[in-house]
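Q: next comes the sequence, and after it the predicted model I'd like to discuss.
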Amino acid sequence: MNQHIVPFLPVFPLPLRLAAIAALTIGMVMLGTANQDLIGAIVATLEERMKLPGALDSAIATLFSAALGLLMIGVGEGGPGNAGTTPGTDGSMSSDTSEAMTLASLQEMLTSITHPLGNFTSILVGGFAYAGSGDVLQIQKCMAVCGEENKHKDSKSKAAEEAKEQAKAAASAQAVQEGNTDKKEEEKEEEKGSSEACPQAAAALLSIAAIGCGDELSRDLTMRTIDHILQYGNIQLKRTVPLAIGLLFISNAQQQPIDLLSK
């Protein structure tokens, strides 16, 4: 692992997507180990990439967050069960001298990431650490994040819509005078105004799905929460719902989520 995949993380001439996929590979192979060396390498990569303007604005950068979340699965429930072990070539677990990192230590490290991806990762890691536990306290914390984000969006939605309509009207009037329409520029403006690289509410919703995937009762309660989000949530939350449902019913396909996703 250290010889073949980790070297791809800090290499700047290589594209960001290659480093992100390498980090995700590490997370899937070392699932739930909380390996301190690997976590430190991924966080260091984020710190270095953050120095480049716009490097972490791409959606592909959220794969770093997913990698850290996979590494920390189960840590919130009494510590990592496979800490200090590494998968061998024959599938067995061999001993490893690296120490396991705690959830609090990782979240403290992520405070050095001033980019919004840092908060996104901290919330996601906190949820994945309690994956399958049904921890009510953690779910309440995530729901509070979703509520604050949704309230913040709703308070500015009317003013933003009015400003957007005025901008479109002015742009269309100018295009008519000039005799051409720049569709590409309008698409860029819409993407710039409506997209966010890593909204915190999306991480909170994914965390709720991860925490509630352990038993039938937790899944039913989580589905009720998702139904409320589909009715009253903002566009950012609604876009996260399909991924949250897939995470909630991972390896447990049922007709209810399939019907909901087909609508």
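A: That came in fine, so what should we check first?

Q: helices along the stretch 1-150 of the chain, start to end?
A: With DSSP state H, counting those that start in this stretch, the ranges of helices along the stretch 1-150 of the chain come out as 16-29, 36-50, 62-71, 103-109, 116-129, 136-178.

Q: make a markdown table from the ones you listed and add mean neighbour count and mean pLDDT to it.
A: Glycine gets a C-beta too; all of them are placed from N, C-alpha and C. Output for these, formatted as a markdown table (neighbours: other Cβ atoms under 10 Å; pLDDT from 0 to 100):
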| stretch | mean neighbour count | mean pLDDT |
| --- | --- | --- |
| helix 16-29 | 20 | 90 |
| helix 36-50 | 19 | 90 |
| helix 62-71 | 24 | 93 |
| helix 103-109 | 16 | 90 |
| helix 116-129 | 25 | 92 |
| helix 136-178 | 13 | 67 |
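
Q: what sits against residue 113?
A: Contacts for residue 113 (Cβ atoms under 8 Å, 6 or more residues apart in numbering) come out as 43, 46-47, 50, 121.

Q: what do you get if the cut-off is 7 Å, keeping everything else the same?
A: Residues in contact with residue 113 (Cβ atoms under 7 Å, 6 or more residues apart in numbering) are 46-47, 50.

Q: please state the offset of stretch 114-128 from the chain centre?
A: 7 Å (Cα atoms, centre = their mean, to the nearest Å).

Q: kindly format the C-alpha coordinates of it as CSV.
A: Output of stretch 114-128 as CSV, limited to C-alpha atoms (Å, rounded to 0.1, in the frame of the first residue of the first chain):
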residue,chain,number,x,y,z
THR,A,114,-9.8,26.4,5.8
HIS,A,115,-11.5,25.5,2.5
PRO,A,116,-15.2,24.5,2.9
LEU,A,117,-14.1,20.9,2.1
GLY,A,118,-12.6,20.8,5.6
ASN,A,119,-16.0,21.3,7.4
PHE,A,120,-17.6,18.9,4.9
THR,A,121,-15.0,16.2,5.7
SER,A,122,-15.2,16.7,9.4
ILE,A,123,-19.0,16.2,9.4
LEU,A,124,-18.8,13.2,7.0
VAL,A,125,-16.0,11.5,9.1
GLY,A,126,-18.0,12.0,12.3
GLY,A,127,-21.0,10.3,10.7
PHE,A,128,-19.1,7.4,9.2
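
Q: picking up where we left off before, can you redo the helices of the stretch 1-150 of the chain as JSON lines with distance to residue 223?
A: As requested, those are exported to JSON lines (distance: least, Cβ to Cβ, whole Å):
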{"stretch": "helix 16-29", "distance to residue 223": "26"}
{"stretch": "helix 36-50", "distance to residue 223": "32"}
{"stretch": "helix 62-71", "distance to residue 223": "22"}
{"stretch": "helix 103-109", "distance to residue 223": "27"}
{"stretch": "helix 116-129", "distance to residue 223": "17"}
{"stretch": "helix 136-178", "distance to residue 223": "13"}
